[in-house]
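> sequence plus the predicted model coming up.
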Amino acid sequence: MRIQKAKRIEQIPPYLFAQIDKKKREMRQRGMDLIDLGIGDPDLPTPPFIIEKLKKASEDPRNHRYPSYEGMIEFRTAVARWYERRFGIRLDPAREVLSLIGSKEGIAHIPLAFVDPGDAVLVPSPGYPVYRVSTLFAGGIPFFLPLREENKFLPDLSEIPEDVAHKAKLLFINYPNNPTSAIAERAFYDQVVAFARKYEIIVCHDAAYSEIAFDGYRPLSLMEIEGGKEVGIEFHSLSKTFNMTGWRIGFAVGNPEIVSGLGGVKTNIDSGVFQAIQEAGTAALDHFDTPLPGIIEIYERRREILVKGLREVGLELERPKATFYLWIHVPRGYTSAQFAALLLEKAGIVATPGNGFGDTGEGYIRMAMTVGEERLKEAIHRLKGMVF
Ligand SMILES: Cc1ncc(COP(=O)(O)O)c(C=O)c1O
């Protein structure tokens with residue numbers, strides 16, 4: 001029998017990290033000691049306090065049943081408490097908070113709630129690949145907003161043609177930003193809210209890295225911006241904040257109509273987050289002041305090793321104010337893919353080619369500071385032996 005995939009799958013290139021994984025496996029089979037700076041998956045463990053909560057909660061038979069679709073009210077109330085402590089914003093846990101099986105799940109499903117075939121969705125390039133793919137799955141047409149260095153990696157909303165703006169249903173933004181590590185200030189969010197109001201576009205703010213910021217900088221929430229909650233939904237994740245990527249728990253907050261639209265999709269697709277994980281997440285949000293104690297200092301030390309070392313070998317990059325990514329210019333004469341391949345083959349260093357995040361990412365590679373200091377020093381040592 002011939003198995004024919006749906007067009008929606010065939011139009012999608014292989015998931016960026018799946019291609020890199022394949023190449024990594026090949027290199028490992030050849031005996032290469034790889035330093036993997038490819039994927040933004042923290043190497044730091046989940047705090048023991050959270051693990052203990054999961055252990056206890058997993059023994060309670062009430063948690064062995066189907067969870068509620070929108071998330072336990074206890075979890076959503078803890079989200080509201082955290083939001084108020086962190087951003088000074090009050091949320092109604094019953095209507096303005098939804099639990100997610102990781103923020104990726106919410107981002108992947110939101111176009112199904114609001115995008116009809118042929119509608120436009122405004123998607124940053126470079127950007128987290130899920131914005132584009134989820135748009136395509138819903139039959140929408142991604143319109144790419146280039147994030148350029150000269151504009152501090154913020155989209156220039158005035159470049160969006162009128163007809164596209166009128167057809168657009170969603171605008172994805174993400175600050176602190178993956179992959180560029182750029183941050184956004186209040187003036188930018190004000191512009192976004194004005195634009196969204198003018199064209200009646202839902203703003204989907206991906207705030208997965210809101211708690212990973214350096215030098216005392218505290219990223220803003222869209223909900224803090226006047227009009228932000230009217231036009232938007234914000235995605236948060238416990239993944240990077242509490243080193244819980246594998247646990248699959250996140251949440252969305254915002255305009256109750258937008259939140260319930262997403263909830264309506266989820267009701268028909270998934271059955272929520274394992275309640276024991278929600279209980280552990282509740283404890284994490286209530287127990288810790290974010291950022292998690294000590295975590296920022298670890299990333300700051302790693303950042304200093306890499307930024308200094310990479311500059312010494314002649315690579316150009318900014319010192320990031322947030323996220324655990326470095327967005328690095330490739331040397332003259334290379335494409336992103338060629339330079340990433342060179343690093344992998346000659347130095348055993350895994351970096352992600354920037355064009356994998358969208359065409360405007362060409363000319364860059366991304367490194368994630370998700371390995372320890374000794375390995376980062378080793379990476380710099382290996383690079384010092386190379387000529388670009
Ligand atoms: C920008 C961005 N958004 C969302 C996610 C998804 O995170 P999670 O599904 O673990 O919450 C990631 C993961 O790397 C990310 O980089």
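Alright, I've got the coordinates.
> can you give me the neighbour number for Asp21?
For Asp21, the neighbour count with other CB atoms under 10 Å is 16. Yep, even glycine has a C-beta here, placed from its N, CA and C like the rest.
> so which strand or helix has it?
helix 16-29 (DSSP states H and E).
> now what about that helix, what contacts it?
Leu34, Asp36, Gly38, Ile39, Pro129, Leu344, Glu345, Gly348, Val350, Thr352, Gly356, Phe357 (CB atoms under 8 Å, 6 or more residues apart in numbering).
> the helix or strand just after that helix pairs with which strands?
Scanning forward in sequence from helix 16-29 by DSSP H and E, the next helix or strand is strand 35-36. Its sheet considered, strand 35-36 pairs with strand 349-350 (parallel) by DSSP bridges.
> can you name the residues in contact with the partner strand?
Under CB under 8 Å, 6+ apart, the answer for strand 349-350 is Ile20, Lys24, Leu34, Ile35, Asp36, Leu37, Gly38, Leu343, Leu344, Ala379, Arg382, Leu383.
> quick one: the fourth one and Ala283, what's the gap?
Counting by CB to CB, to the nearest Å, the separation of Ile35 from Ala283 is 34 Å.
> quick one: buried residues of stretch 108-117?
Ala108, His109, Ile110, Pro111, Leu112, Ala113, Phe114, Val115 (16 or more other CB atoms under 10 Å).
> just curious, which of those is nearest to the ligand?
Distance to the ligand, by CB to the nearest ligand atom, is smallest for Ala108 among the buried residues of stretch 108-117, at 8.9 Å.
> the closest one is in contact with Val130, isn't it?
Yes: proximity of Ala108 to Val130 meets the contact threshold set by CB atoms under 8 Å, at 5.5 Å.
> one step back: which one of the contacts of strand 349-350 is nearest to Gly254?
Gly254 lies nearest to Gly38 out of those, by CB to CB, at 31.7 Å.
> now that closest one. Nearest residue, chain neighbours left out?
Nearest non-adjacent residue to Gly38, counting by CB to CB, 6 or more residues apart in numbering: Val350, 3.9 Å away.
> identify the bridge partners of that neighbour.
Going by DSSP bridges, Val350 forms beta bridges with Asp36.
> quick check, pLDDT for it.
According to the prediction, Val350 has pLDDT 95.
> what's the burial count for it?
23.
> and it, how close does it get to Ile107?
24 Å.
> could you find the closest non-adjacent residue to the residue nearest in space to the middle of the chain?
Computing the C-alpha centroid of the chain and ranking residues by CA atoms, centre = their mean puts Ala208 first, at 4.9 Å. Once flanking residues are discounted, Ala208 sits nearest to Ser237: 4.4 Å by CB to CB, 6+ apart.
> let me see the contact set for the residue nearest to the centre of the chain.
Ser103, Asn174, Asn178, Phe235, His236, Ser237, Ser239, Lys240, Gly250.
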